[in-house]
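A.B. asks: pasted the sequence and its predicted model underneath.
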Amino acid sequence: MDPKEIIAKLQLLTGQFAEELQKQSTEQAIRDLQAAFLSKKGKIGELQKSLGQLSPDQRKDVGQAFNTAKQAITQSVADAIDGLVKRAEDVYLSEYFDVTLPGRAGAKGSMHPISIVMYDIVDVFTSMGFDVAQGPEVETDEFNFAKLNFPDDHPARDMQDTLFVEEGKILLRTHMSPVQIRSMMARPLPIQIVAPGAVFRRDDDPTHSPMFFQIEGLLVDKGVHFGHLKGVLNTFIHQIFGADVQMRVRPSFFPFTEPSVEVDIQCIYCKGEGCRLCSQTGWIEILGAGMVDPNVLEGVGIDSEIYSGFAFGLGVDRVAMLKYEGISSIKLFYENDPRFLERFRR
Ligand code: PHE
């Protein structure tokens, strides 16, 4: 056979292959057909053997034609198999799925109730000119206790109450008050901040969680007095609980404030009548506060003869439990059961 004849035969076989390929309906049949043409004993394979009779020059051109033909066949086999898979998928989809049905929406996340309440409270204070300040959750004894005027033998410094990272030195902050110290050391006077954040204590029962949230407030300026503290807290209580909710101040003790007070609001369920929630007292405690102890001011280099300040620390969980009726345990806030969290979507 001369080169022309071989190429003509090759074209014939290629055409024949394409025609046969159309008729195949399974992957196996397509593979068999491919073998029947391309394997050594296949139709094209056999024809290729006639290359041996050609001169080296002729063999080069004709050999090229064989390579091109074989590549084209291999590609058409791959396309044909893809086509089969696609057709099978279409059949499957149309038989088993009603593509006209509306889809199911995925569950959307929402803000955690503690975050909602925290943002609401912070908004009230920022609208009164307070800046938001932050501090680390892992604190030093220095900031959490020493600079806050806690004596060395204060029970809060005990392992019983505090979660230590390194005994007596590094701990998980037990309150937000270390941010007072950090702010007074870092900011120019006057200072007016609120610091929301997580705090940690060795407590675990239906009304106490080992982690909970507080918001600390601090204002230091010339001539600040107790009336300013009461005014700010009154505004906060009215904005959060309602304009008709009364507040009450009771003497208390904190090492870092003098005088110190505890602030109650009138029970928002019984309006002061006395009920189970307020233990029949008509009042519910929501925060601790006081005038910054001169020792604390001096400890951070502020002249207590010129400057004075007030501070307060409130429990966000407590406020959240009051705002959202019927929460039986503070733990519900931290278990993150979606059925519970969904109630607060807004
Ligand atoms: N840090 C106190 C506590 O956690 C609360 C407090 C803050 C009291 C600021 C007075 C002033 O109990």
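C.D. replies: Received it, and whenever you're ready, just let me know what you need.
A.B. asks: contacts, neighbours, all on C-alpha from now
C.D. replies: OK.
A.B. asks: for the residue lying closest to Phe17 once chain neighbours are set aside, give me the pLDDT.
C.D. replies: Counting by C-alpha to C-alpha, 6 or more residues apart in numbering, Phe37 is the residue found nearest to Phe17 once chain neighbours are left out, at 7.4 Å. In this model, Phe37 is scored at 93, pLDDT.
A.B. asks: number of residues surrounding Phe37?
C.D. replies: 21 (other C-alpha atoms under 10 Å).
A.B. asks: what about it, which SS state?
C.D. replies: Classification of Phe37 by DSSP: H, G, I helix; E, B strand; the rest coil places it in helix.
A.B. asks: now Met176
C.D. replies: For Met176, the assignment made with three-state DSSP gives coil.
A.B. asks: my read is that it contacts Ile215, right?
C.D. replies: Yes: look at Met176 against Ile215 with C-alpha atoms under 8 Å: they come within range, at 6.8 Å.
A.B. asks: who has more neighbours, those two?
C.D. replies: The neighbour comparison of Met176 against Ile215 (other C-alpha under 10 Å) goes to Met176, with 28 against 22.
A.B. asks: packing partners for the lengthiest helix in the chain?
C.D. replies: When the chain is parsed with DSSP state H, its longest helix is helix 56-96. Helices and strands in packing contact with helix 56-96 are listed as helix 3-23, helix 27-38; criterion 3 or more C-alpha pairs under 8 Å, 6 or more residues apart in numbering; DSSP states H and E.
A.B. asks: out of these, which comes closest to the ligand?
C.D. replies: helix 27-38 (73.6 Å; C-alpha to the nearest ligand atom).
A.B. asks: which positions in the protein make contact with the ligand?
C.D. replies: 175-177, 216, 288-290, 311-313 (C-alpha under 6 Å from any ligand atom).
A.B. asks: which of those lies closest to Ile6?
C.D. replies: Nearest to Ile6 among the residues of the chain next to the ligand: Met176, at 91.4 Å, using C-alpha to C-alpha.
A.B. asks: list the contacts for that closest one?
C.D. replies: For Met176, the contact set (C-alpha atoms under 8 Å, 6 or more residues apart in numbering) comprises 195-199, 214-216, 313.
A.B. asks: if we can go back for a sec, okay, angle between the longest helix of the chain and helix 27-38 too, please.
C.D. replies: For helix 56-96 against helix 27-38, the angle by axes from the mean of the first three to the mean of the last three C-alpha atoms, to 10 degrees is 170 degrees.
A.B. asks: quick one, helix 56-96 and helix 3-23 angle?
C.D. replies: 10 degrees.
A.B. asks: what mean pLDDT does helix 56-96 get?
C.D. replies: Rounded mean pLDDT across helix 56-96 is 90.
A.B. asks: low-confidence stretches in this structure?
C.D. replies: 159 (pLDDT under 70).
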